[in-house]
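# Sequence first, predicted coordinates after that:
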Amino acid sequence: MLLCIDCGNTNTVFSIWNGSEFLSTWRIETNHKRTADEYYVWLTSLMMLHDMKVRIGAVVISSTVPRVVFNLRVLANRYFDCRPLVVGKPECQLPVAPRVDIGTTVGPDRLVNTVAGFDRHGGDLIVVDFGTATTFDVVAPDGAYIGGVIAPGVNLSLEALHASAAALPHVDVTMPEKAVGTNTVACIQSGVFWGYIGLVEGIVRQIRLERARPMKVIATGGLAELFEQGFDLFDSVEYDLTIHGLRLIHDYNKGLASA
Ligand SMILES: Nc1ncnc2c1ncn2[C@@H]1O[C@H](COP(=O)(O)OP(=O)(O)OP(=O)(O)O)[C@@H](O)[C@H]1O
Ligand SMILES: CC(C)(CO)[C@@H](O)C(=O)NCCC(=O)O
Ligand SMILES: [K+]
C-alpha cells in the first residue's frame with residue numbers, strides 16, 4: 001500500500017491508498033523536530049485503533065517545509081523499507097513541467113494540486129488552496145503550472161491582527177451575519193470573511209481577464225468550506241485534491257520506472 005504525506009506549514013496529512021481507495025486520512029501538526037520513531041508510533045496506534053492491518057510498501061511526500069523531509073525519509077527507510085518519492089526533487093518527474101521564471105522553486109503542494117486539478121477537470125483551471133497561505137495555481141490547457149498568486153492565509157491574517165494590535169483579541173474565522181460589526185469581534189470577523197470573499201472574487205476576475213478565456217475554479221483546504229456557503233466562488237470544492245495528486249504523481253513515476 002502507498003502512504004501519501006502532504007506536509008504543509010501548519011499541518012501534515014497522512015493518507016493510505018490501498019490501490020483503489022484511500023483507507024484513512026490523519027492529521028498531525030507539522031514539526032521538523034518530530035522523529036521517524038515518533039511518526040511511526042503515532043501512525044501504528046491510529047492503525048490499531050481502526051483495526052487496520054496494512055503493509056506499507058511505498059511512500060510519496062510533498063513538503064512545503066524542507067526540514068521535515070529528513071525525518072520522513074528515515075520513517076520510510078527504517079519502517080517501510082522503501083525510498084520515498086519526494087515531489088520537487090529531481091528524481092520525481094511530473095507529467096508536465098511548470099513554466100515559471102528560471103530559478104523559481106514552486107511549492108510542491110502547488111505542483112501536486114496542479115496535477116490533481118488537471119486530472120479531474122482538464123486545463124484552464126484555477127486551483128485555490130486555503131492553507132497557511134491562500135494560493136491560486138493557474139493550470140494551462142496542457143496541464144502545466146504557469147504561475148499564480150500567494151496571499152496570506154485566513155488564520156494567519158487573524159493571528160497577525162491579534163499579535164500586532166494590543167486591543168484586538170484572537171478571533172476564530174466564521175461567517176458574520178452582517179458586514180457592519182457592532183462589536184470588536186464582529187468587526188474583525190467581517191474584515192477577514194468579507195475581505196477574503198473580495199480577495200477571491202477579485203483575483204479570479206483578474207486572472208480570467210489576463211488569460212482571456214473561461215477558467216474553472218476549484219477550491220481545496222479546510223477553510224474552503226467556509227467560503228463556499230451561499231457564494232458562487234467555486235465550481236467545486238475538493239478536500240482530497242492534494243492527496244489525490246500525490247497518488248497520481250506516485251503512479252506516474254512508477255509507470256516511468258517500469259517502462
Ligand atoms: N471553520 C473553521 N474555523 C477555523 N479553522 C478551521 C475551520 N475549518 C477548518 N479549519 C482549520 O483550517 C485548517 C485547514 O487545513 P489545511 O490542511 O487546509 O490547512 P493548514 O493545515 O492550515 O495549512 P497547511 O496545509 O499550509 O499546513 C485546519 O487546521 C483546520 O483546523
Ligand atoms: C505558498 C506555500 C507556502 C503554500 O503552502 C508553498 O507553496 C510554498 O512555500 N511555495 C514556495 C513558493 C512558490 O510556490 O512560488
Ligand atoms: K494544504
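Sure, I can see it. Ligands and ions are numbered 1, 2, ... in the order given.
# Is ligand 1 within reach of the lowest-mean-pLDDT helix or strand in the chain?
When each helix and strand of the chain is scored by mean pLDDT, DSSP states H and E, helix 224-228 comes last, with a mean of 91. Yes. Contact of helix 224-228 with ligand 1 (Cβ under 6 Å from any ligand atom) involves residue 226. All C-beta atoms are positioned from the backbone trio N, CA, C, and that covers glycine.
# Just say helix, strand or coil for the nearest residue to residue 181 once chain neighbours are set aside.
Leaving aside its sequence neighbours, residue 181 sits nearest to residue 187 (Cβ to Cβ, 6 or more residues apart in numbering; 3.5 Å). Recorded secondary structure, residue 187: helix (DSSP: H, G, I helix; E, B strand; the rest coil).
# What's the local residue count around residue 187?
Neighbours of residue 187 under the rule other Cβ atoms under 10 Å: 16.
# residue boundaries of the strands in this structure?
Per DSSP state E, the chain carries strands over the ranges 2-7, 11-17, 22-29, 58-63, 85-86, 125-130, 133-139, 145-152, 216-220, 236-237.
# need the contact list for the residue in the chain that ligand 2 sits nearest to.
Nearest residue of the chain to ligand 2, counting by Cβ to the nearest ligand atom: residue 107, 1.9 Å away. Contact analysis of residue 107 by Cβ atoms under 8 Å, 6 or more residues apart in numbering lists 64, 135.
# can you do 10 Å?
If you count contacts by Cβ atoms under 10 Å, 6 or more residues apart in numbering, residue 107 has them with 8-9, 62-64, 87-88, 113, 129, 131, 133, 135, 137, 145, 148, 150.
# can you list the residues of the protein near ligand 1?
Within reach of ligand 1 by Cβ under 6 Å from any ligand atom, the chain has these residues: 8-11, 30, 130-132, 172-173, 221-223, 226.
# what do you get if the cut-off is 8 Å, keeping everything else the same?
Residues of the chain lying near ligand 1 by Cβ under 8 Å from any ligand atom: 6-13, 27, 30, 64, 109, 129-133, 153-155, 172-174, 220-226, 239, 242.
# In ChimeraX, how would I select just the buried ones from those?
Here is the ChimeraX command that picks out the buried ones among the residues of the chain next to ligand 1, judged by 16 or more other Cβ atoms under 10 Å:
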select :6,7,8,9,10,12,13,30,64,109,129,130,131,132,133,153,154,155,173,220,221,223,224,226,242
